[in-house]
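Trainee: The amino acid sequence is not available; the structure is as follows:
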């Protein structure tokens with residue numbers, strides 16, 4: 001029988017080999033991909049997020065846990081697609097045009113995937129119109145943008161404008177983040193929220209989309 005506690009512990013410890021082995025074992029035992037995520041991967045990453053917010057874990061450790069989480073998801077994604085498993089929300093992420101920093105954005109992407117969201121990561125230096133086009137094509141519930149440079153922050157407002165022009169702004173929540181970004185800036189450009197780090201970004205997405213943790217793990 002699958003030991004979800006061991007899988008969660010391996011995520012917290014950032015042990016890629018153990019996560020891979022325990023995920024494969026659970027699959028071989030006939031456990032559904034969704035259950036492995038909901039009862040093993042996500043709880044582990046939730047603990048990581050909690051420790052990170054409280055200052056008990058730091059970015060290098062969180063990155064190890066995120067890579068371990070990704071190792072498990074790599075095994076499960078094809079199985080999720082084959083089973084036509086439903087997603088709890090569709091998210092489009094990217095680093096804004098002119099900026100090539102992506103550590104924080106990649107962490108958010110991995111943690112959201114582990115929490116059960118369908119994530120389209122557009123990468124870095126993403127043009128404003130690209131965000132809007134993909135959000136429309138994917139029928140996204142939320143768009144997340146990051147920036148590490150004050151000179152690129154201004155492009156975030158352009159993405160919101162493109163979404164307005166596409167007629168989908170009311171259907172799409174928008175969050176922003178990055179070192180120079182603040183809640184005040186989010187308010188000024190009309191974003192729906194701001195998160196200072198990956199763990200709080202996941203909490204923010206859940207809150208904006210009205211998703212409770214217990215709903216994710218049904």
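Mentor: It's in. The model shown is predicted, which means the values in this text are computed figures rather than measured ones. Residues are numbered from 1 along each chain as shown.

Trainee: I'd say residue 165 and residue 132 touch.
Mentor: Yes. Residue 165 lies in contact with residue 132 (CB atoms under 8 Å); the separation is 7.3 Å. Backbone N, C-alpha and C define where each C-beta goes, glycine included.

Trainee: Now the strand or helix carrying residue 205: average pLDDT?
Mentor: Element membership for residue 205, per DSSP states H and E: helix 198-208. On average, the pLDDT along helix 198-208 is 93.

Trainee: of residue 165 and residue 132, who's got more company?
Mentor: The residue with more neighbours, out of residue 165 and residue 132, is residue 132; 25 against 11, by other CB atoms under 10 Å.

Trainee: got a list of what that one touches?
Mentor: Residue 132 makes contact with 159, 162-163, 165-166, 168 under the criterion CB atoms under 8 Å, 6 or more residues apart in numbering.

Trainee: so of these, which ones are in helices?
Mentor: 159, 162-163, 165 (DSSP state H).

Trainee: Where does pLDDT dip in the chain?
Mentor: 1, 82-86, 213-218 (pLDDT under 70).

Trainee: ok, and the closest non-adjacent residue to the residue nearest the centre of it?
Mentor: With distances taken as CA atoms, centre = their mean, the residue of the chain nearest its centroid is residue 112 (2.7 Å). Nearest residue to residue 112, sequence neighbours excluded (CB to CB, 6 or more residues apart in numbering): residue 119, at 5.1 Å.

Trainee: SS state for the one you found?
Mentor: strand (DSSP: H, G, I helix; E, B strand; the rest coil).

Trainee: what's the neighbour count on residue 179?
Mentor: 12.

Trainee: Next up, the contacts around it.
Mentor: So residue 179 contacts residue 148 (CB under 8 Å, 6+ apart).

Trainee: secondary structure class for it?
Mentor: coil.

Trainee: Distance check, it against residue 101.
Mentor: Remark: distance between residue 179 and residue 101 (CB to CB, to the nearest Å) = 9 Å.

Trainee: just residue 122 next, same as before
Mentor: Applying CB to CB to residue 122 and residue 101 gives a distance of 14 Å.

Trainee: For burial, what's the neighbour tally of residue 50?
Mentor: 12.
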